[in-house]
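# My questions are about this predicted structure, shown below with the sequence.
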Amino acid sequence: MKLLLIGYGKMGRAIEAQALARGHQIAGIVDPSRPDVRISDFTAAEADAAIEFTHPDAAFQNVTACLKQGIPVVCGSTGWLHHFAEAQALSQQTGTPLFYASNYSVGVNLFFHFNEYIAAKMHQFGGYDVQVREIHHTQKVDQPSGTALTAAEGILRNFPGKTTWRNEAASAPQELAILSEREGTVVGTHIVTYSSAADSIELKHEAHTRDGFVQGALLAAEWLPGRRGVFGMQDLLGL
Ligand SMILES: NC(=O)C1=CN([C@@H]2O[C@H](COP(=O)(O)OP(=O)(O)OC[C@H]3O[C@@H](n4cnc5c(N)ncnc54)[C@H](OP(=O)(O)O)[C@@H]3O)[C@@H](O)[C@H]2O)C=CC1
Ligand SMILES: O=C(O)C1=N[C@H](C(=O)O)C[C@H](O)C1
């Protein structure tokens, strides 16, 4: 496949290396370090899919540009979902597919699946409070992490005692606390904890490297061309 890489930071560079190892070609790299390369230079003839890992403030514009050029786009940037409905509408209007995941690793998507099951089960028993905690490297610009937000949404859908989330300690029982920590080079750790006076239960995912994100994003890019609509990892993995 010919892949257009948008963002050439930690993820973009890791994706390039893995894409070449899988026999793909890099159609182009769009990044502030290469100001003469623009998404508008490419069409579906030059790029079978684009993979976008940039910045919360840049993602929507990049996704929009790909959809307008007819290039299927796999987006991993977090922190831009207030624009997601507009991106969905544009995907429908242009007939160009969009794939989005707050986290591309298979392990985290299993974690999301178990998280929803556990939330529903725990709600059947009184006495437990729940919170989400995420730990990431100090270069991360958004908080809470996209992954923590997806986990929180899964809890809110399945644990009726919680109706809203808050990115600090909860100030009322119906608030779900999402606690964010930034520490060294931590790749990404997410922990959901249920606590009662008697005991605690934890569901934890700890990324050891970025390989899981990279492999999932490449799988999505290989799967997306030729489809119509907006997709996520649950579609790819059948979860
Ligand atoms: N969904 C998932 O599985 C994962 C999601 N992420 C998310 O992906 C995003 C990127 O992460 P990461 O690679 O670690 O971040 P980095 O900061 O290492 O890299 C981002 C790159 O994007 C560039 N960039 C900024 N603005 C634009 C733009 N308008 N167009 C093109 N490139 C741009 C940056 O350039 P410059 O430095 O000059 O600004 C930088 O080179 C984050 O939102 C992160 O949360 C990360 C890992 C996994
Ligand atoms: O910025 C990161 O590094 C990561 N961002 C994603 C998020 O916000 O959830 C995914 C992963 O945790 C790494």
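Good, I have the coordinates. Ligands and ions are numbered 1, 2, ... in the order given.

# remind me, longest helix of this structure?
Counting by DSSP state H, the longest helix found in the chain is helix 106-123.

# Dump the C-alpha coordinates for it into PDB.
In PDB, the C-alpha atoms belonging to helix 106-123 read as follows (Å, rounded to 0.1, in the frame of the first residue of the first chain):
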ATOM      1  CA  VAL A 106      -5.500  -4.800  20.800                       C
ATOM      2  CA  GLY A 107      -4.800  -5.100  24.500                       C
ATOM      3  CA  VAL A 108      -6.500  -1.800  25.300                       C
ATOM      4  CA  ASN A 109      -9.500  -2.700  23.200                       C
ATOM      5  CA  LEU A 110      -9.800  -5.900  25.200                       C
ATOM      6  CA  PHE A 111      -9.400  -3.700  28.300                       C
ATOM      7  CA  PHE A 112     -12.300  -1.500  27.100                       C
ATOM      8  CA  HIS A 113     -14.500  -4.600  26.500                       C
ATOM      9  CA  PHE A 114     -13.800  -6.100  29.900                       C
ATOM     10  CA  ASN A 115     -14.200  -2.600  31.500                       C
ATOM     11  CA  GLU A 116     -17.800  -2.400  30.300                       C
ATOM     12  CA  TYR A 117     -18.600  -6.000  31.400                       C
ATOM     13  CA  ILE A 118     -17.100  -5.300  34.900                       C
ATOM     14  CA  ALA A 119     -18.900  -1.900  35.200                       C
ATOM     15  CA  ALA A 120     -22.300  -3.600  34.600                       C
ATOM     16  CA  LYS A 121     -21.500  -6.500  36.900                       C
ATOM     17  CA  MET A 122     -20.200  -4.200  39.700                       C
ATOM     18  CA  HIS A 123     -23.300  -2.000  39.500                       C
END
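
# could you say what helices and strands that helix packs with?
Helices and strands touching helix 106-123, by 3 or more CB pairs under 8 Å, 6 or more residues apart in numbering; DSSP states H and E, are helix 146-158, strand 189-195, strand 200-206, helix 211-223, helix 233-237. C-betas here are computed from N, CA, C, even on glycine.

# And for the second one, what's in contact with it?
This points to strand 189-195. For strand 189-195, contacts defined as CB atoms under 8 Å, 6 or more residues apart in numbering pick out 108, 111, 115, 118, 122, 128-136, 145, 147-148, 151, 155, 200-207.

# quick check, the helix or strand immediately after the longest helix of the chain in the chain touching ligand 1?
Using DSSP states H and E, the next helix or strand after helix 106-123 towards the C-terminus is strand 129-136. No - applying CB under 6 Å from any ligand atom, one finds strand 129-136 separated from ligand 1 by no less than 8.1 Å.

# Paired strands for strand 129-136, with orientation please.
Here strand 129-136 is paired, per DSSP bridges, with strand 175-182 (parallel), strand 189-195 (antiparallel).

# quick one: buried residues of the last one?
Spelled out, it's strand 189-195. For strand 189-195, the neighbour count (16 or more other CB atoms under 10 Å) marks 189-194 as buried.
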